[in-house]
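# Predicted model and sequence follow; I will ask about them next.
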Amino acid sequence: MNELVVLVVEDEPEVREALVRDLAAITASVRVEAAEDAEDASAVVREVTAASDVLGLVLADHRLPGRSGVDLLVELEDDPAHRGVTRKVLVTGQADHADTIRAVNEAGLDHYIAKPWDPAQLLAVTRDALTGAVLDAGLDPLPFVADLDGPRLLEAYARRRGDR
Amino acid sequence: HSRSTGPVVGLLSLTGHSRAFLQCRAVTDVLVIPVTIEQLGQALAADPRLATLLTRVLVSSLARRLRRADELQLEVDRLNRTLAAERDELARALEALEEADAQLVSQARLATIGELAAGIAHELNNPSAALRRSSEHLAEDLLALLGPGSAAESAFEAARREPPMGTAEARAGRQALAASLAEAGLGDRRLADRLWAIGVRDLAAAQRTLEAIGGPPRAERASRPRDEPRGHPGGRTELAPEAEARLQALEAGARAGAALRGIQQATDRIGTLVGGLRAYLRGGEGDEPFTPGIDVTTGVEDALRLLGHRLHDATVDRRFEPVPAITARPGALQQVWTNLLANALDAAGSAVHLTVQVRSSPTERGAPGVEVTVADDGPGIPADLLERVFEPRFTTKHGQVRFGVGLGLSISQRIVDGHGGTISVTSRPGRTVFTVRLPATPPGTEVSP
């Protein structure tokens, strides 16, 4: 299907819904999925792989029941289906020094947003991350111009047309 | 100095045939007869009896010197022993001082923490109550604004009352809805997601809603040119403008309901946490008065709640039986429960299996009382350390600067003692149990009739 997907991983329902809601501005062209723990998150990733969609971004909390957010991101870094495309961002108040270092060094963390998050910052980071994912995945940039970083996408589009 | 020297001064220089320089301060009348070695030699030559006399005097002088040396040696030994004893006493005094200092620091900290907790409890109480009331009022007024009986109102209420659903279940539901919509030719996945968000859970409800907003969508299949790059989302269904507007109104109502649900749940949680601090409302440990009618179970529950963030991965088995109310200092007791629970977590790790029991337990004299036990499945306390755990400064948490610095249990014991109660521990690998027994009426708190 080649839809662009954002995965939000957060165990507390009110926080999860608030995160999803704060991403409403991009939902015209991007699908937002939510998972309440690492296990469900892995299930979503498998579904995305199976449907040939593009997992553009994972926004994960660190403190989850069972496997932690950082563990999940480290696993994702090794996933051949999404390596090089999926951006990884921690949205958390409870990752300590060691966890954060691990996320940066072993999971290729792209950004760290501390809770409570600023919705404008969340949206900016998301747009920027997804723009990179769209380009790295080789998706047609046009459908995403309105929701993501339009100028960057258009420039890429122009270059691509110019190469033809 | 005659005790040391005797009547002959210069004995050493005589034996060493060297010159002597002497200084003497007399405290009595003294007759000094200086004799050079040559003169001594002449006198000895002149009268042989002199040699014997001289020898006798010299020997007795030497003997006196020797005796004096022994006495001095004994004196030195005695002084050394006294010194050592005083040094030991000083060391003990220093240790006692350090201990007292640490206790003071810890008590000051406890008092400060108690004050902080009391301050927070007081400060948060009002805003917490205000949040609760305001969110209720907001809900009422939103309903009025949305229009009683309107579709938006139903969407609002449905979202507000929605029971929590796991993400996996919700996702499966949305996908099933999308599949049935697609099969019925009513819409695509995006429309299914939008309908799900306003409370549509099955095909029938979807059909009703789509009719209510003004008819099913026009299906527009975008043509797919052969060289269209991948990623183009084809097959998007679009609604007629009026239907789109009505759907957006429903979505706004549903979003408002979901947000209000979030507010009310978060407000409840804050209220619960503030309630957990109720034990501190009467002030910190220092000046907290004994209060009758305290429910121990509530205090233990509050401690569990306040430690909630550390008990995230733990299993807590609560065994609470009805217990009599007791006279106690609730803030101080709360510190005991918190200390025992925190110790269990530190010993057994965050995935500890805790068993917390509260039950009625009469004192030896048959007066009413309460027993609280905290059991964990950690590695246990070795038998030789078991009797020392309540000592001040005893800690096995090496190298870590933690609250209490080994004083937690000793302070807990002090608090329990102050309540006329007892605290004890049994331990083997896999099961450590701390038991606190409290009388309903501590000595000295009886209310005179």
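Thanks, I have it.
# mind showing which ranges of chain B have poor pLDDT?
B:1-5, B:110-111, B:114, B:216-237, B:280-287, B:392-407, B:448-449 (pLDDT under 70).
# Where do the helices of it begin and end?
B:2-5, B:11-15, B:37-46, B:48-146, B:151-161, B:167-183, B:189-197, B:203-213, B:241-276, B:296-306, B:330-348, B:383-386, B:408-418 (DSSP state H).
# the inter-axis angle of the third one versus helix B:48-146?
This points to helix B:37-46. Here helix B:37-46 runs at an angle of 140 degrees relative to helix B:48-146 (axes from the mean of the first three to the mean of the last three CA atoms, to 10 degrees).
# For helix B:37-46, name the packing helices and strands.
helix B:48-146 (3 or more CB pairs under 8 Å, 6 or more residues apart in numbering or on different chains; DSSP states H and E). C-beta coordinates here come from the backbone N, C-alpha and C atoms, glycine included.
# and the helix it packs on, what does it pack onto?
Applying 3+ CB pairs under 8 Å, 6+ apart, we find helix B:48-146 packed against helix B:2-5, helix B:11-15, helix B:37-46, helix B:151-161, helix B:241-276, helix B:330-348, helix B:408-418.
# any idea which of those is most buried?
Mean neighbour count (mean count of other CB atoms under 10 Å in any protein chain shown) peaks for helix B:330-348 among these, with a mean of 23.
# and it with chain A, contact?
No: against chain A, helix B:330-348 shows no contacts by CB under 8 Å from any CB of the partner chain, the least distance being 15.7 Å.
# so what does the lengthiest helix in chain A touch, helix or strand wise?
Longest helix in chain A, counting residues (DSSP H): helix A:119-137. Where contact means 3+ CB pairs under 8 Å, 6+ apart, helix A:119-137 is packed against strand A:4-9, helix A:13-22, strand A:54-60, strand A:87-92, strand A:111-114, helix A:150-163.
# just so I know, which of the helices and strands packed on helix B:48-146 lies nearest B:Asp295?
Using CB to CB as the criterion, the shortest distance between B:Asp295 and the helices and strands packed on helix B:48-146 is 9.1 Å, found for helix B:330-348.
# Distance from that closest one to the middle of the chain?
Taking CA atoms, centre = their mean, to the nearest Å, one finds helix B:330-348 lying 7 Å from the centre of the chain it belongs to.
# contacting residues for the residue lying closest to A:Leu90 once chain neighbours are set aside?
Using CB to CB, 6 or more residues apart in numbering or on different chains and skipping the chain neighbours, the partner closest in space to A:Leu90 is A:Tyr112 (5.0 Å). Neighbouring residues of A:Tyr112 by CB atoms under 8 Å, 6 or more residues apart in numbering or on different chains: A:Val89, A:Leu90, A:Thr92, A:Ala95, A:Thr100, A:Ala103.
# So which residues on chain A come close to chain B?
A:1-4, A:13-14, A:16-18, A:21, A:29, A:31, A:33-36, A:40, A:43-44, A:54, A:63, A:65, A:134, A:137-140, A:142-143.
# Dump stretch B:20-36 to CSV, keeping only the CA atoms.
In CSV, the C-alpha atoms belonging to stretch B:20-36 read as follows (Å, rounded to 0.1, in the frame of the first residue of the first chain):
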residue,chain,number,x,y,z
ALA,B,20,82.1,17.4,82.3
PHE,B,21,80.0,20.6,82.1
LEU,B,22,77.5,20.8,84.8
GLN,B,23,74.7,23.1,85.7
CYS,B,24,73.1,23.0,89.0
ARG,B,25,70.4,24.9,90.7
ALA,B,26,70.3,24.4,94.4
VAL,B,27,67.1,24.4,96.5
THR,B,28,68.8,23.8,99.7
ASP,B,29,72.2,24.7,101.1
VAL,B,30,74.7,22.7,99.2
LEU,B,31,78.3,22.1,99.7
VAL,B,32,80.0,21.5,96.3
ILE,B,33,83.4,19.9,96.2
PRO,B,34,84.9,19.9,92.7
VAL,B,35,87.5,17.2,92.2
THR,B,36,89.5,16.8,89.1
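# In contact with B:Gly214: list those residues for me.
Counting by CB under 8 Å, 6+ apart, B:Gly214 makes contact with B:Ala240, B:Glu242, B:Ala243, B:Arg246.
# Mind jotting down where the strands sit in the stretch 301-449 of chain B?
Assigned by DSSP state E, counting those that start in this stretch, the stretch 301-449 of chain B shows strands spanning B:315-320, B:326-328, B:353-360, B:369-376, B:422-428, B:431-439.
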